[in-house]
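J.: Pasting the sequence and the predicted model now:
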Amino acid sequence: MASTTSPARILLVDDDPGLLRLLSIRLMAEGFVIEGVENAVAAVDATESFQPDLVITDLRMDQMDGIELLRTLQGRWPGLPVLLMTAHGTIPDAVTATQSGAFGFITKPIDKTELLDYVRRALKVSRNTVDEEEWRADIVTRSPLISERLSQARVIAQTDSRVLIRGPSGVGKEMFARAMHRVSAQRDGPFVSVSCSAIAEDALEVELFGRASQPGHFERANTGVILLNEIGDMPMRLQVRLLRVLEESAIRPVDGSPPVPVNVRIFSTTNQDLSALILDGRFRDDLYYRLIEASINVPPLSDHREDIPLLAGQFLEQTVAEHGHHKMVYAPEAVELLMGADWPGNIRQLKNVVRQNAAVCQTPVISASLVRELLGQEAAPLLSFAEARDEFIRNYLAQLLKMTGGNVSQAARMARRNRTDFYKLLARHNLDPDVFKHAHH
C-alpha cells in the first residue's frame, strides 16, 4: 500500500501485549514502521488508517480469529499479504490458513530468523518489485481521475480476477491492460492481444484456439495474459467455445486434435454496453459472469483535457524520433486549440492529428493556424466566458418558449423576470416567440 521507497509498514495483531511489544521492538530494529493492536476488530480499522504493506496476526483470538480477519482483509484489500502466528503448530491449522490465502504460517515461540525471512518475502510480493511508476510509465497523466483509475487497476491486477476494461474507442484500454500485466502475478508470462472484431469468424477461431500444426493465441499466452479486444463483437459460436475453455482450463483445437491444458488469465475490453447485447441475444450471460469478475472504466479524453498538452508533447517527440523530422514544439495558442477541440476518437485521434501536424509542418514551431486547418470543424475554439454565458441564456430562453408554446407571460413567470425585461432578453438573443407557437404539445 505504501510506496516502495519509504520504510515498509507492518501491522501486528495479538491479544498478548508482551508478545506485541517484543515483536515491535524486533521489527523496528530492522527499520520497519510498526503499529500494534490487540484484537481483529481494531486491526480492520488500523488497516484503513495505517495502510500496512503486511499484516502479522495471531490465529487464536476471541471475537474474530485470525482466519476470519484474513478473509475480511482479503475482501477489502486484495493483494495485502497476511502472515499467521500460532502457539498450536498443528498441521490442520496450517492447511486451513494457507488454503484461505494466508501468505504463510509461523509457530510460536517465534524464531527471529524465520520471521524476518517471511517478512522480506511477503514484502517483495506486497511492494511489488516493479518500480512504483515504471509499470504505468506509458500512460502519461496529470489527471486525478486517471490516477484514481490506475490505482484501481493496480489493485485488481494483483488479484487473480478476470477483468473487463470498458470505455469508448481510442481511450487507451489496451495500454491499461498492458500496465496491469506488468504488476500482475502473470508478469513473467506472455501478454497476447487479439482483436475480436477485425477478422472473419473462421480465421478468429483458428487464431484463438489453434490447430495441430499451429498453436492458437490461448496456447501462446499460457502462464500469462490474453487480452480479448472488443469482446462484444465475438461471434456467438466462438463465445460457446470460449466458455468451454473457461470451464475446462483446456483448449480444444479447431481440427479436433487432443485438448491442450492452459493456464491463462483473461482481460477483455469493450466499447459497447454488454448488458444491452445480452438483452438483444448477442452476448451470452453465462459467459459474461464467467469473464467479468472485476471491471474498470477508462474515461473519454474530454473528461481529462488537462492531459492533452502532455499527450500531444509525447506523441510529437515519438513522431520526430521515428521519422527523423526536425525538432518541433507546439505554439501555446496551438495547444489551446487542441485542448478546446472535440475528440470523438479520443487519444487515438489526438495521436493521428499530432502525426499529421508533424508531417506537414516546415518550421520548428507548430502554429495555431496549421492546427486549425488540419482539425477543420473539430477546432471549435473554447468559448470565452461571455460567449458561453450567452449561449446558455439563449438555450434556456428557447427551452422556456418551447415549453409554453411561445406564451411570453407564462415564460417570464417561470424565469421569474418581469415581462418587459423578458422581451428585452428575447430581442437581444434574436428569439421570436411566434416561432414557438406550434412547438408546444
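T.: Happy to help now that I have it.

J.: from here on, contacts and neighbour counts on C-alpha atoms
T.: OK.

J.: tell me what the helix ranked longest in the chain is packed against?
T.: Using DSSP state H to define each element, the chain has its longest helix at helix 385-404. With contacts defined as 3 or more Cα pairs under 8 Å, 6 or more residues apart in numbering; DSSP states H and E, the packing partners of helix 385-404 are helix 408-415.

J.: Could you look up the next helix or strand downstream of the helix it packs on?
T.: Under the assignment DSSP states H and E, the closest C-terminal helix or strand after helix 408-415 is helix 419-428.

J.: That following helix vs helix 385-404, what angle?
T.: Orientation check (axes from the mean of the first three to the mean of the last three Cα atoms, to 10 degrees): helix 419-428 against helix 385-404 gives 120 degrees.

J.: can you pull the contacts of Val171?
T.: For Val171, the contact set (Cα atoms under 8 Å, 6 or more residues apart in numbering) comprises Val298, Pro299, Pro300, Leu301, Gly345, Asn346, Ile347, Arg348.

J.: Pull out the buried members of those.
T.: Listed as buried from the contacts of Val171 are Val298, Pro299, Pro300, Leu301, Gly345, Asn346, Ile347; burial here means 16 or more other Cα atoms under 10 Å.

J.: Next step: those restricted to helices.
T.: Checked against DSSP H, the buried ones among the contacts of Val171 include these in helices: Asn346, Ile347.

J.: gap between stretch 266-278 and the chain center?
T.: Its chain's C-alpha centre lies 15 Å from the corresponding centre of stretch 266-278 when counted by Cα atoms, centre = their mean, to the nearest Å.

J.: In it, which residues are buried?
T.: Across stretch 266-278, burial judged by 16+ other Cα under 10 Å covers Ile266, Phe267, Ser268, Thr269, Thr270, Asn271, Gln272, Leu274.

J.: how about it as PDB, C-alpha atoms only?
T.: Output of stretch 266-278 as PDB, limited to C-alpha atoms (Å, rounded to 0.1, in the frame of the first residue of the first chain):
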ATOM      1  CA  ILE A 266      -8.200 -13.300 -19.400                       C
ATOM      2  CA  PHE A 267      -8.500  -9.500 -19.700                       C
ATOM      3  CA  SER A 268     -11.300  -8.200 -22.100                       C
ATOM      4  CA  THR A 269     -12.100  -4.700 -23.400                       C
ATOM      5  CA  THR A 270     -15.400  -3.300 -24.800                       C
ATOM      6  CA  ASN A 271     -16.700   0.000 -26.100                       C
ATOM      7  CA  GLN A 272     -20.300  -1.400 -26.000                       C
ATOM      8  CA  ASP A 273     -22.900  -2.000 -23.300                       C
ATOM      9  CA  LEU A 274     -22.600  -5.700 -22.800                       C
ATOM     10  CA  SER A 275     -25.900  -5.900 -20.800                       C
ATOM     11  CA  ALA A 276     -27.700  -4.400 -23.800                       C
ATOM     12  CA  LEU A 277     -26.100  -7.000 -26.000                       C
ATOM     13  CA  ILE A 278     -27.200  -9.800 -23.600                       C
END
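
J.: which stretches of the stretch 251-400 of the chain form strands?
T.: Here the stretch 251-400 of the chain has its strands, by DSSP state E, counting those that start in this stretch, at 260-261, 265-270, 294-297, 329-330, 365-366.

J.: For Pro253, find the nearest of these.
T.: With Cα to Cα, the closest approach to Pro253 among those belongs to strand 260-261: 7.8 Å.
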